[in-house]
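Undergrad: quick check, what structure comes out for this input:
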Amino acid sequence: MKKIFSLLFLIIIAISCNNPFQKSDKRTDQDTDTTLDFTPVDTLALTLEALRNKRLPNGYQMIGDVKTEILTYSGFRMNDIGYFVFKDEAGNEILFGGNDTRFHLTKKSQNPTEENGGFDPNPRYLNRKFQTFWRRVQLTYQPQNERELYYQEFDEIIFLKMMPMEVIPQKSSTQNNKTDGKKK
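TA: Numbering: from 1, shown residues only. Alright, predicted model coming up:
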């Protein structure tokens, strides 16, 4: 019995010496820095840097820098290649040959034709404004087939941020239906 008590006593001493709940290092308030640094972060610069490093399609190189502008998605057009059509504030069309984003700007057409290439603009995004980021890419070797010939150099959308919809104030029904008090 004495051996059991001796063993328990040694175990208790060993446990109490290794107790993680005891503070072995005493800290003072002067050791802890409580100053919070709220330096502004340029999120656009961070986004641009990340987009500059975004993976390129195999066999392509980026020409110039990433461009950005607020554009309105106005449709999809098929020519030699498919184009995602956007318009700037002045109404000028900007055509993109590629879309490397999670936005599905087209959907399969119910009436596929040669003109639409079997795709229609996705109505969910049609006439919506986007903060659009794109880059120009160029094939790094001589084209080997017709597809590569058409896609030697093109603008590729690499990031889209949907802008909030503009709220257009509507006239109240009492303002629209003013009458002179006579029933019609």
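Undergrad: how close does T140 get to I63?
TA: Distance check for T140 against I63: by Cβ to Cβ, to the nearest Å, it reads 11 Å. Yep, even glycine has a C-beta here, placed from its N, CA and C like the rest.
Undergrad: contact partners for the residue nearest to L71 when sequence neighbours are not counted?
TA: Once flanking residues are discounted, L71 sits nearest to F86: 3.9 Å by Cβ to Cβ, 6 or more residues apart in numbering. F86 makes contacts with L71, T72, Y73, S74, E93, I94, L95, F96, F130, T132, as judged by Cβ atoms under 8 Å, 6 or more residues apart in numbering.
Undergrad: show me the beta-bridge partners of F86.
TA: Y73, I94 (DSSP bridges).
Undergrad: make 57 the starting number, not 1.
TA: Yep, numbering from 57; the last one is F142 now.
Undergrad: pLDDT at it, what is it?
TA: F142 is assigned a pLDDT of 98 by the prediction.
Undergrad: then the one 10 residues further on?
TA: pLDDT, the model's per-residue confidence, is 96 for F152.
Undergrad: three-state assignment of D176?
TA: strand (DSSP: H, G, I helix; E, B strand; the rest coil).
Undergrad: and it, what are its bridge partners?
TA: According to DSSP bridges, beta-bridge pairing links D176 with K163.
Undergrad: tally of neighbours for it?
TA: Using other Cβ atoms under 10 Å, the number of residues around D176 comes to 17.
Undergrad: quick one: it from T99, how far?
TA: If you go by Cβ to Cβ, the gap between D176 and T99 works out to 34 Å.
Undergrad: measure K217 to F210 for me?
TA: Taking Cβ to Cβ, one finds K217 at 22 Å from F210.
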